[in-house]
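A.B. asks: Prediction below, plus the sequence it came from.
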Amino acid sequence: MSEPVSLIDTRVVKGDLLFKWIIFSLAAAVLLILLVMVVAMVRESLPSIRQFGAKFIVGREWDAVKGDFGALDFLYGSVISSVLALLLATPLSVGAALFITEIAPRRVGEIIAPIIELLAAIPSVIYGLWGVLVMAPWLQQSIQPWLIEHLGFLPFFQGAPYGVSMLAAVFILMIMVIPIITSITKEVLMAVPVSQKEAAYALGATRWEMFRMALIPYARSGVLGAVILGLGRAIGETMAVTMVIGNTPQISLSLLAPGYTMPSVIANEFAETTSKLHSSALMEIGLILLVVTLIINALARLLIWSVTRGDTGARA
Amino acid sequence: MIGYDLRRNLTNNFMMCLMVGAALAVMAPLGIIFVHILKMGASSLSLDFFTQIPKPTGESGGGMANGLAGSAMMIGMSSCLGLPVGILGAVYLNEFGGNRFATAVRFSADVLAGIPSIITGMVAYTLLVVPMKGFSALAGAVALALIMIPIVLRTTEEQLKMVPGTLREASLALGVPCWRTSLKVTLVSARAGIITGVLLSIARVAGETAPLLFTALGNQFWSKRLTEPMAAIPLQIFNFAISPYEDWHKLAWAGALVLVVIMFTLNLTARYFGRIKHNG
């Protein structure tokens, strides 16, 4: 501090270079982590990919003893549970987001919005705990018998009421993605320029007509992004689904039957694999999951960004 | 004409009712879950929860002291690993962030944030558990750190961006080296926002179960070394919830309540720090 300082202090220059180098390597570490993760997943999947090829995706055998692995049942379970959950969650979430941003008095919105965000922070294992100990028995005793009695002629509601089932997974996923979709949709709706809304009102639109003509068209791709982001979360969701879906590899049209998903089979079997091929097959399921979530997330971000970019003014 | 307007108004009112209904339908299950956790948790929680380890099946009582300690240790370790990378990486993005490399780093962080946490667990298993020939708390901490890094990186960068350029220029004009400016001026001015991000990332990993399944594995007893399997609250909740024993279910509810309380405390504290930013 007290030493004389020349115009160009080499120590300062060196210090800056060192600092730059350190923070550069830490930033590079993030890039490296992603690379290492992808490479590790691919490398570990190779034995299974070589052994089964495309048969892995369409095969239905999952026999650790015989060493025969096909993942179709898990793919089916993941897709059906996530898509149905999203179909149920989307209208509710968008409605709730519209309520918070446009209908509710400002005070009420300011109370509800943070509560919903807080609920998005509840760990999935707790949703699973509630799902398996409270919701599944409730489904078994009241909802499923009712469905069987009144809608049992449909293939979707046939069989015995087990409680743990595809239906339970759909419900728990729906409850879990609602806070996520609601809060992102809220952000997107708030990014819609006021002039758009005022223009609609000035033309004499009712509030609903304003939603329909100004708000929703403007926010559409952002809302779609929020829904796709929710889909990404639902498809990768592990704990809660594992706890309520029943973990039975099968393809059944009936929502009352148990099922199995990709993350669930990993969670249940990966720590106790019986052979190298078994763990490699699970790795390949992980790789499929990874690729699917990457695509879904990239798409979602692109869509959300297309609406909110004017608002956040992201720097290049 | 009146009929037309009437229909428009009726449609409007009908749709408004639907949306209020949607908001209620959204709040209802979430509220029910919350009330359940409070009720079941409060009736199962006792002092033993914080001081005892789980009792064997069939015996009532016991607690999750080893899980609490395990969670705290693994979160501590993952913070030591993850926070420097996240925060200083964000400093890099903020100071030298205009190039292709920085864009690639941002992109990777966003991608990492979207990867299902169970995959992070699989990777930590491959890279640490297999070479070290055993499940360990260390592998669990690394898996959690991998989840923290992208969250901290992106939130910190957002906060650093908001520090006025004039502040840094003033510091540089006084002859302060760039690195000191970055650490003592830019980072310190943005500290409230950064603390928010850090707390939120801790809250996130505190509840993570999937990445610990094949890394820390869980432990019914106390762990003596970091290279041994270690208990964690979320793992214990999972194992006890899917067990058929009533006593273990009770412990799971108590664990859930404790976890939710920790989670809400962290989130509310984060919000508090988030608010400071706007005032100061």
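C.D. replies: On my side now, so go ahead.
A.B. asks: Share the number of residues neighbouring B:S44, please.
C.D. replies: Per other Cβ atoms under 10 Å in any protein chain shown, the neighbour tally for B:S44 reads 18. Quick note: C-beta positions are derived from backbone N, CA and C, even for glycine.
A.B. asks: Contacts only, for the closest residue to chain B within the stretch 201-316 of chain A.
C.D. replies: The shortest separation between the stretch 201-316 of chain A and chain B is 2.8 Å, found at A:G236 (distances taken as Cβ to the nearest Cβ). With contact set as Cβ atoms under 8 Å, 6 or more residues apart in numbering or on different chains, A:G236 has these partners: A:P263, A:L289, A:T293, B:I115, B:P116, B:S117, B:I118, B:I119.
A.B. asks: Quickly note the distance from the last one to chain A.
C.D. replies: Meaning B:I119. Distance of B:I119 to chain A, computed by Cβ to the nearest Cβ, to the nearest Å: 5 Å.
A.B. asks: Could I get the full set of strands for the stretch 151-280 of chain B?
C.D. replies: Along the stretch 151-280 of chain B, no segments are classed as strands by DSSP state E, counting those that start in this stretch.
A.B. asks: contacting residues for the spatially most central residue of chain A?
C.D. replies: Compute the mean C-alpha point of chain A, and by Cα atoms, centre = their mean the closest residue is A:R233, 0.9 Å away. A:R233 makes contact with A:M176, A:V177, A:I180, according to Cβ under 8 Å, 6+ apart.
A.B. asks: What about residue 255, how many residues nearby?
C.D. replies: You didn't say which chain, so I picked chain A. Under the neighbour criterion other Cβ under 10 Å, A:L255 is assigned a count of 24.
A.B. asks: if you could check chain B rather than the one you did, that'd help
C.D. replies: Neighbour number of B:G255 under other Cβ under 10 Å is 30.
A.B. asks: just A:I172 next, same as before
C.D. replies: A total of 29 residues lie near A:I172 under the criterion other Cβ under 10 Å.
A.B. asks: What helix or strand is it located in?
C.D. replies: A:I172 belongs to helix A:166-190 when elements are defined using DSSP states H and E.
A.B. asks: pLDDT below threshold where in chain A?
C.D. replies: A:1-8, A:309-316 (pLDDT under 70).
A.B. asks: List the contacts of stretch A:187-198.
C.D. replies: A:97-98, A:101-102, A:210, A:214-215, A:218-219, A:222-223, A:225-226, A:304, A:307-308, A:310-311.
A.B. asks: Swap in 6 Å and give it another go.
C.D. replies: For stretch A:187-198, contacts defined as Cβ atoms under 6 Å, 6 or more residues apart in numbering or on different chains pick out A:A97, A:T101, A:M210, A:A214, A:L215, A:Y218, A:A219, A:G222, A:V223, A:V307, A:T308, A:D311.
A.B. asks: In ChimeraX, how would I select the buried members of those?
C.D. replies: Taking 16 or more other Cβ atoms under 10 Å in any protein chain shown as the burial criterion, the selection of buried members of the contacts of stretch A:187-198 in ChimeraX is written as:
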select /A:97,101,210,214,215,218,219,222,223,307,308
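A.B. asks: Tabulate the contacts of stretch A:187-198 in CSV, adding columns for distance to B:P29 and secondary structure.
C.D. replies: Conversion of these to CSV gives the following (distance: Cβ to Cβ, whole Å; DSSP: H, G, I helix; E, B strand; the rest coil):
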residue, distance to B:P29, secondary structure
A:A97, 17, helix
A:T101, 21, helix
A:M210, 30, helix
A:A214, 31, helix
A:L215, 26, helix
A:Y218, 30, helix
A:A219, 25, helix
A:G222, 25, helix
A:V223, 21, helix
A:V307, 28, helix
A:T308, 28, helix
A:D311, 31, helix
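A.B. asks: ok, the contacts of stretch A:187-198 vs B:V198, which is closest?
C.D. replies: When the contacts of stretch A:187-198 are compared for distance to B:V198 (Cβ to Cβ), A:T308 comes out closest, at 24.4 Å.
A.B. asks: Not counting sequence-adjacent ones, nearest residue to whichever residue of the stretch 51-200 of chain B sits closest to chain A?
C.D. replies: Distance from chain A to each residue of the stretch 51-200 of chain B (Cβ to the nearest Cβ) is smallest for B:P116, at 2.8 Å. In space, not counting the residues next to it along the chain, B:P116 is nearest to A:G236; the distance is 2.8 Å by Cβ to Cβ, 6 or more residues apart in numbering or on different chains.
A.B. asks: buried set for stretch B:178-188?
C.D. replies: Residues of stretch B:178-188 classed as buried under the neighbour-count rule (16+ other Cβ under 10 Å) are B:C178, B:W179, B:R180, B:T181, B:S182, B:V185, B:T186, B:L187.
A.B. asks: Find the nearest non-adjacent residue to the fourth one, please.
C.D. replies: Setting aside the residues directly before and after it, B:T181 is nearest to B:S171 in space (Cβ to Cβ, 6+ apart), at 4.4 Å.
A.B. asks: Quick one: the helices in the chain, in order.
C.D. replies: Chain wasn't specified; assuming chain A. Defined through DSSP state H, the helices belonging to chain A, from first to last, are A:10-52, A:55-58, A:72-98, A:106-120, A:124-130, A:136-138, A:144-151, A:166-190, A:194-202, A:207-210, A:216-236, A:239-244, A:262-269, A:276-312.
A.B. asks: Chain B was what I was after
C.D. replies: Under the criterion DSSP H, chain B carries helices at the ranges B:2-44, B:47-51, B:65-96, B:100-114, B:117-124, B:130-132, B:137-161, B:165-173, B:178-180, B:187-189, B:191-206, B:233-241, B:246-279.
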